[in-house]
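Asks: what's the 3D shape of this:
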Amino acid sequence: MSENRTTQNQAKPAQIVIVEDNMIMATDIKRRVTQLGYQVIETFSNGEDCIQSLTQLKPDLILMDIEIEVIWMELRLPTKFVLLIIFLLSF
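Replies: Numbering: from 1, shown residues only. Predicted coordinates for the structure are as follows:
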């Protein structure tokens, strides 16, 4: 697939942030997402760093390890953000 996937209202690829504390998993997720034509704009190993960067990055989607501080992060998300967060689980 050579063309980038886009959201309906955008001419650019959807911008994705990955939050994963296992760097091997983060690298693999980034590779797969990029192969699908999306743009990974940042990878974080914890939720705190992700939250601090949301205003600047403004991602379309966050892919997050389910074991990251999920409840804590949900409480800390700025209310001005409307984000789609997909929680990832691996065995």
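
Asks: hmm, who's touching the longest helix along the chain?
Replies: Scanning the chain for the helix with the most residues, using DSSP state H, yields helix 23-35. Counting by Cβ atoms under 8 Å, 6 or more residues apart in numbering, helix 23-35 makes contact with 1, 16, 18, 20, 40, 43, 45, 63, 65, 88, 90, all of which sit outside it. No exception for glycine: its C-beta is placed from N, CA and C like everyone else's.

Asks: so for those residues, which is the shakiest by pLDDT?
Replies: Within the contacts of helix 23-35, pLDDT reaches its minimum at residue 1, with 48.

Asks: touching, residue 43 and residue 18? I think so.
Replies: Yes. Using Cβ atoms under 8 Å, residue 43 makes contact with residue 18 at a distance of 4.5 Å.

Asks: more neighbours: the two, which one.
Replies: Neighbours of residue 43 and residue 18, each counted by other Cβ atoms under 10 Å, are more numerous for residue 18; the result is 24 against 18.

Asks: before we move on, the earlier item: quick check: the two most widely separated of the contacts of helix 23-35?
Replies: 1 and 45 (28.7 Å; Cβ to Cβ).

Asks: who has more neighbours, the two?
Replies: Using other Cβ under 10 Å as the criterion, residue 1 and residue 45 rank with residue 45 on top: 16 against 7.

Asks: could you measure from residue 46 over to residue 12?
Replies: Distance of residue 46 to residue 12, given as Cβ to Cβ, to the nearest Å: 27 Å.

Asks: and these two? which has more neighbours close in?
Replies: Using other Cβ under 10 Å as the criterion, residue 46 and residue 12 rank with residue 46 on top: 14 against 10.
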